[in-house]
Every structure is written in C-alpha cells, then in structure tokens.
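Participant: From the sequence below, what's the structure:
(one chain, ligands or ions: 1)
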Amino acid sequence: MISIGKIPLSSNAIFAPMAGYSDLGARYLARLYGAGLTTSEMVSAKGLLYENAETKKLLEKTEIESPFAAQLFASSPEVIHRAVKLLPDWVDIVDINMGCPAPKIVKNGEGSALLKDPVLAGELVSAAAEGSDRPVTVKMRLGFEKGCFTADKVAKEAERAGAAAVTVHGRYREEMYSGVSDKNAIRRVRDCVSIAFFANGDVRSLKDYREMMEQTQADGVMIGRGALGNYELFAEIAGIKVERSDKENIYTQLEFLKREYPERVCVNLMKSHVCAYASGKAGVAKEIRENVHRASSFAELTSLVERYF
Ligand SMILES: Cc1cc2nc3c(=O)[nH]c(=O)nc-3n(C[C@H](O)[C@H](O)[C@H](O)COP(=O)(O)O)c2cc1C
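Facilitator: Down below sits the predicted model:
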C-alpha cells in the first residue's frame with residue numbers, strides 16, 4: 001500500500017482539495033467511503049501568520065480524517081517556513097498548492113504561477129520541510145501557458161528539495177477546467193520522479209480510475225469533482241461496502257455545515273452539494289437543480305430533499 005513519507009494510506013484513491021466544496025462534511029463522507037487521504041481547502045500561508053480566524057477554521061478536521069493534509073498557498077519560502085510551524089497538531093501532511101489557476105492567486109505569484117519558476121517551487125518545498133517534521137507534498141498542473149510543459153522540472157525540484165509526494169492534474173493553467181486531463185503528459189511527469197505519485201483529473205468512475213492508474217503508472221489517483229455526491233466511488237475503489245443513502249449523506253453534510261455557519265450560508269453552500277447528488281438522478285436532475293437554487297431556508301431545502309431523494 002502507498003505511503004506518504006512514513007504515513008501509510010489505506011487506499012490509493014484520495015480526495016482532492018476543492019475550495020468551497022471539500023468542506024468538513026464532504027471530507028467526512030470521502031473518508032467514510034474509504035478515501036485514503038483528505039486535504040483541507042487551500043489556506044493562505046500569510047493568513048496563518050496573521051492568525052486570521054477564517055484561515056484557522058479551514059484547518060479544522062472531522063474525527064475520522066486521519067491522515068489529514070493541510071494545503072497551503074504561498075510564494076515566499078520565508079512565509080511558508082513560518083506558517084508550517086503554526087499548523088494545528090492534528091495536521092499530518094503539508095501540501096503546497098502549485099496548481100490554482102485563479103487570477104487573484106496567480107497575480108501574487110502563488111498557485112499555478114509557481115509552474116513558471118521551478119527553482120522557487122523547490123525553495124518553497126525546502127522551506128516547508130525545514131520548518132516542520134511532517135511530510136511535504138506538492139499539487140500542480142502541467143504548466144502555465146498551454147503547451148509550455150514545466151511540471152517535469154517542478155516535480156524534480158520538489159523531489160530534490162525533500163517532497164514526499166507529488167500530484168499532477170493533467171491540464172495547463174491556461175486551460176482552467178476546459179478540455180481533458182492529459183494522461184500522457186501526467187505519465188511524463190511520473191517518469192521523472194521516484195517519490196509517491198498521484199494522477200488527477202476527470203476520474204468519475206471505477207473504469208476511469210483504472211485507466212488513469214494504468215496509463216499514467218501512478219501510485220494513486222486523486223479524485224475531486226467526480227466524488228461530489230458520489231462518495232461511493234471511493235468505496236468501489238477500496239473494495240468496501242458502505243450502506244448509506246444519498247438522503248442520509250445530504251443530511252450528514254448539512255449537519256456539519258450547521259455547526260459552522262448561519263442558516264443562509266448553510267443553505268447556499270448546500271445547494272452545490274445537492275446539485276452534485278442530483279446529477280446521479282436521470283430525468284429529474286435539471287428539475288432538482290432549478291428548485292434547489294430557489295431554496296432559501298432549511299425548511300425549503302429539507303422539503304426538496306424529502307421529495308427527490
Ligand atoms: C470548485 C473547485 C475548487 C478547487 N479548489 C482547489 C484547491 O483549493 N486546491 C487545489 O489544489 N485544487 C483545487 N481544485 C482543483 C482540484 O483539486 C482538482 O485538481 C481538479 O478539480 C481536477 O480534478 P477532478 O477532475 O477530479 O475534479 C479545485 C477545483 C474545483 C472544481
């Protein structure tokens with residue numbers, strides 16, 4: 001079984017960090033269904049230094065999430081070095097974001113902007129590794145501009161700097177989420193490093209998982225959107241049985257959100273989750289989505305869940 005540093009994973013299928021989606025409830029379900037690792041939504045290393053309350057909230061985890069990775073974004077080795085020392089005790093792994101395509105992140109030299117500077121990427125890994133005993137991992141894309149493949153260099157620098165694992169999403173920053181995740185390009189990165197390697201992008205079924213594993217020769221696969229509302233995918237991959245209904249899962253997610261947010265925020269956050277479950281319901285998916293978007297209270301949301309799930 002695959003390990004990250006000295007930390008063994010119970011499955012080689014792991015849940016992707018997704019800002020606004022991989023909240024406590026989603027990660028709880030991913031883990032319950034057998035995901036080998038869960039990761040926080042991306043967290044600003046600077047925010048940690050400023051003791052920002054929202055940043056701290058993003059680093060909370062559920063009791064069943066173990067191992068658990070905190071994902072940081074930063075462009076300064078000095079900042080990340082100080083930030084990793086401030087992570088809560090329950091964080092097992094530090095992941096560095098080198099893939100986020102959002103303009104507000106890229107303009108600060110963070111996220112996917114690091115793909116343009118493999119040396120700085122390596123320095124960030126060294127700084128994080130020196131600041132903490134935890135294994136450091138990197139999540140990246142293929143490169144910044146389409147066709148300008150730099151992930152091989154970034155992965156090699158990361159490995160040299162002490163990274164314990166690397167995950168590659170097979171798209172360029174310029175592509176955002178268009179096109180398809182390029183398995184051949186992921187394989188090229190895979191062949192450059194000997195640390196634990198995860199392939200990522202567009203895995204939505206057991207068949208996709210198997211193809212991704214075979215074509216990239218990765219040690220594991222990271223799954224994001226394909227697991228939303230479809231956490232069973234982790235159970236299928238891990239070969240375990242989890243007897244729960246969509247309705248139960250929706251209410252579990254709602255309960256987690258209720259602990260953190262007021263009604264309006266909960267309902268809004270829950271809408272995208274319910275829509276993800278709806279996409280598994282042939283024939284009524286569109287109708288559910290339209291109705292869910294109109295919901296503005298727990299009562300309305302609950303009545304929709306009772307009607308459709
Ligand atoms: C809404 C959304 C938010 C995301 N947030 C993050 C994030 O915080 N950190 C990160 O490394 N990747 C983030 N990603 C990228 C995913 O982790 C993943 O690399 C990408 O969605 C491709 O994998 P998938 O096809 O399995 O979803 C995000 C993706 C989406 C769709």
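Participant: pLDDT wise, what is the closest residue in space to Val267 that isn't next to it in sequence at?
Facilitator: Closest residue to Val267 apart from its sequence neighbours, by Cβ to Cβ, 6 or more residues apart in numbering: Leu301 at 5.5 Å. Glycine gets a C-beta too; all of them are placed from N, C-alpha and C. On pLDDT, Leu301 comes in at 97.
Participant: Please list all residues in contact with the closest residue to the ligand within the chain.
Facilitator: At 2.8 Å from the ligand, Gly224 is the closest residue in the chain, using Cβ to the nearest ligand atom. The contact partners of Gly224, by Cβ atoms under 8 Å, 6 or more residues apart in numbering, come to 15-18, 21-22, 200.
Participant: and what of Val267?
Facilitator: Taking Cβ under 8 Å, 6+ apart, one finds 295-298, 300-301 in contact with Val267.
Participant: Extract the C-alpha trace of the helix or strand that contains it and format it as PDB.
Facilitator: Using DSSP states H and E, Val267 sits in helix 263-278. This file holds the C-alpha atoms of helix 263-278, laid out as PDB (Å, rounded to 0.1, in the frame of the first residue of the first chain):
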ATOM      1  CA  GLU A 263     -28.900  29.200   8.000                       C
ATOM      2  CA  ARG A 264     -28.500  31.400   4.900                       C
ATOM      3  CA  VAL A 265     -24.800  30.500   4.400                       C
ATOM      4  CA  CYS A 266     -25.500  26.800   5.100                       C
ATOM      5  CA  VAL A 267     -28.300  26.600   2.600                       C
ATOM      6  CA  ASN A 268     -26.200  28.400  -0.100                       C
ATOM      7  CA  LEU A 269     -23.200  26.100   0.500                       C
ATOM      8  CA  MET A 270     -25.500  23.000   0.500                       C
ATOM      9  CA  LYS A 271     -27.000  23.900  -2.900                       C
ATOM     10  CA  SER A 272     -23.900  22.900  -4.900                       C
ATOM     11  CA  HIS A 273     -23.700  19.600  -2.900                       C
ATOM     12  CA  VAL A 274     -27.400  18.800  -3.500                       C
ATOM     13  CA  CYS A 275     -26.900  19.600  -7.200                       C
ATOM     14  CA  ALA A 276     -24.000  17.100  -7.300                       C
ATOM     15  CA  TYR A 277     -26.200  14.400  -5.900                       C
ATOM     16  CA  ALA A 278     -28.900  15.400  -8.400                       C
END
